[in-house]
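[1] The sequence isn't on hand, but the structure is:
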């Protein structure tokens, strides 16, 4: 049964009350809440994975790995917030000799936004769903979370939410700090609610853009951190193609079919030198031998995959290199066109096929790659398959302009959770300049506040000279990290 708008309003009110109680919790206390969730998820892993496998058609080993990723992420965020670097605590003491005139005492610290609405994804029922990256980073930032369950795995969402709520209760967190809602009316009301201060979203461009517009149209617009997907183009230089063509095609085949092509980082485009069309077909056919297709996540996605792939497949500028199908368990499809056709029809390289299909574009000269890259819309990732002797500096600069992560001689599927990770990109890949993966994701749900000339006893703990929380502070321009032996330049 879907959450009513009245129940949604009550849930958000309770989340806001919990946020008010929790906002001053120390980093150690908040970190313990995240670790309690991770421990509880691990304890219920067999049951959670069983429900997920039934609802999503994903393989058990894949789901087990995804759940481990989620609990690792929670513990990594716990370690991160204990250090307090996400708070960016900055202290400028009063200085009568300051270069532009006397400087007052100013202290700045990041504070949590409040209640965050999170929309889960269908393709990662653990990593980008109920307690995935958006929910985990919002809780780490000090926010309360109201999660809108994805219709593709409602039973799993309910069970996961029960685990999270029970773990927070056991750890002593305020009641209401995390809650689950379902259904479209609740989803729209969540974006509209005056106490909701930001939205995290992972999903389709159409759905994400509609919610983004709704968030912007509020009387008080709020940040909308939407990940809408991408085509993730791969560019192969002539030298790389000559030296390892078949290895590149094998890696490409494995990457675009991983998870039945239902990764937001799937390589949907491969730019290669012209003249080897028959060899491409043969190499890809060999690489896909033994591939065992499975069902897509749900019937709606299956139909979307069929429509998107058929639109490209029937275009007069497109040839079929590997003929797939749209059976209940669809086999992979590889399409082909030329750089000439792409320049005349840029829409050919702007069509995402969410499933096991991809497009190969053959170019006549490597000098064309720069122009082809500029025809692309924003990407989550772009990849260079090149040799160390290749001068790809200009192409690399263009790829950095249009994507959030640029890979060298790798494949974009697989997004590790780490300190330097960036999972985002220019629109339509995302609706912001931030990352939804890695420790930097916490910063999305914080905002800075400066306190000027406050008495010491009235200052928040992170910017007190006594530093009762023992966190990193930047004092008069120099970083001081407890346990580091002093300041660090």
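    Perfect, I can see it now. Just so we're clear, the structure is a prediction, and the values are computed from it rather than from any experiment. Numbers count the residues shown, from 1 in each chain.
[2] separation between residue 67 and residue 201?
    22 Å (CB to CB, to the nearest Å). Any C-beta I mention is one placed from the backbone N, CA and C, and that applies to glycine too.
[3] Helices along the stretch 1-150 of the chain, start to end?
    5-22, 27-43, 45-56, 60-83, 133-141 (DSSP state H, counting those that start in this stretch).
[4] Grab the nearest non-local neighbour of residue 392.
    Counting by CB to CB, 6 or more residues apart in numbering, residue 392 lies nearest to residue 386, which is 5.3 Å off, once chain neighbours are set aside.
[5] Could you look over the helices of the stretch 1-150 of the chain and pick the most buried one?
    Highest mean neighbour count of the helices of the stretch 1-150 of the chain: helix 133-141, a mean of 29 (counted as mean count of other CB atoms under 10 Å).
[6] That helix to helix 60-83, inter-axis angle?
    Helix 133-141 runs at 20 degrees relative to helix 60-83, counting by axes from the mean of the first three to the mean of the last three CA atoms, to 10 degrees.
[7] average pLDDT across helix 133-141?
    Averaged across helix 133-141, the pLDDT comes to 98.
[8] can you list the residues that contact it?
    If you take CB atoms under 8 Å, 6 or more residues apart in numbering as the criterion, helix 133-141 is touched by 30, 33-34, 37, 70, 73-74, 77-78, 80-81, 86, 112-113, 116, 118, 127-128, 144-145, 147, 177-178, 198, 200-202, 225, 417, 436-437, 441-446.
[9] residues contacting the closest residue to residue 49 other than its chain neighbours?
    Using CB to CB, 6+ apart and skipping the chain neighbours, the partner closest in space to residue 49 is residue 63 (4.7 Å). Going by CB under 8 Å, 6+ apart, residue 63 touches 49, 52-53, 56, 125-126.
[10] Can you pick out the most distant pair from the residues you listed?
    Farthest apart among the contacts of residue 63 by CB to CB are 53 and 126. That separation is 11.6 Å.
[11] Tell me the secondary structure at the residue most central in space within the chain.
    In the chain, the residue lying closest to the centroid (CA atoms, centre = their mean) is residue 436, at 3.6 Å. What DSSP: H, G, I helix; E, B strand; the rest coil gives for residue 436 is coil.
[12] Read off the pLDDT value for it.
    Predicted confidence (pLDDT) for residue 436: 97.
[13] Likewise for residue 486?
    The score at residue 486 is 44. That number is its pLDDT.
[14] Residue 196 and residue 150: what is the separation?
    According to CB to CB, residue 196 and residue 150 sit 18 Å apart.
[15] can you check residue 97 too?
    Distance from residue 97 to residue 150, by CB to CB: 58 Å.
[16] Of these two, give the one with the bigger neighbour count.
    Per other CB atoms under 10 Å, whichever of residue 97 and residue 150 has more neighbours is residue 150, with 26 against 7.
[17] does that one really touch residue 123, like I thought?
    No - at 9.4 Å, residue 150 does not count as touching residue 123 under the criterion of CB atoms under 8 Å.
[18] if you go through the stretch 151-300 of the chain in chain order, where are the strands?
    178-181, 196-202, 224-227, 233-236, 269-273 (DSSP state E, counting those that start in this stretch).
[19] how about these in JSON lines, adding distance to residue 375, mean pLDDT and mean neighbour count?
    Compiled in JSON lines, these are given as follows (distance: least, CB to CB, whole Å; pLDDT from 0 to 100; neighbours: other CB atoms under 10 Å):
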{"stretch": "strand 178-181", "distance to residue 375": "41", "mean pLDDT": "98", "mean neighbour count": "24"}
{"stretch": "strand 196-202", "distance to residue 375": "26", "mean pLDDT": "97", "mean neighbour count": "25"}
{"stretch": "strand 224-227", "distance to residue 375": "22", "mean pLDDT": "97", "mean neighbour count": "26"}
{"stretch": "strand 233-236", "distance to residue 375": "10", "mean pLDDT": "98", "mean neighbour count": "26"}
{"stretch": "strand 269-273", "distance to residue 375": "11", "mean pLDDT": "98", "mean neighbour count": "23"}
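[20] would TSV of these with distance to residue 394 be doable?
    Formatted as TSV, the strands of the stretch 151-300 of the chain follow (distance: least, CB to CB, whole Å):
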stretch	distance to residue 394
strand 178-181	47
strand 196-202	33
strand 224-227	28
strand 233-236	12
strand 269-273	15
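[21] pLDDT (mean, whole number) over stretch 29-47?
    Here the average pLDDT along stretch 29-47 is 98.
[22] Run the chain-centre distance for that stretch.
    Taking CA atoms, centre = their mean, to the nearest Å, one finds the center of stretch 29-47 at 21 Å from the center of the full chain.
[23] Need the residues that contact it.
    22, 25, 48, 64, 67, 70-72, 74-75, 77-79, 81-82, 131, 136, 139-140, 142, 159-160, 163-164, 166-168, 170-173, 177.
[24] With stretch 151-162 instead?
    With CB under 8 Å, 6+ apart as the test, stretch 151-162 has contacts from 41, 44, 47-48, 51-52, 54-56, 120, 122, 125-126, 129-131, 147, 149-150, 178-180, 182, 297-298, 301.
[25] same thing but at 6 Å, please
    Outside stretch 151-162, the residues that touch it by CB atoms under 6 Å, 6 or more residues apart in numbering are 51-52, 55-56, 122, 125, 130, 149, 180, 297-298.
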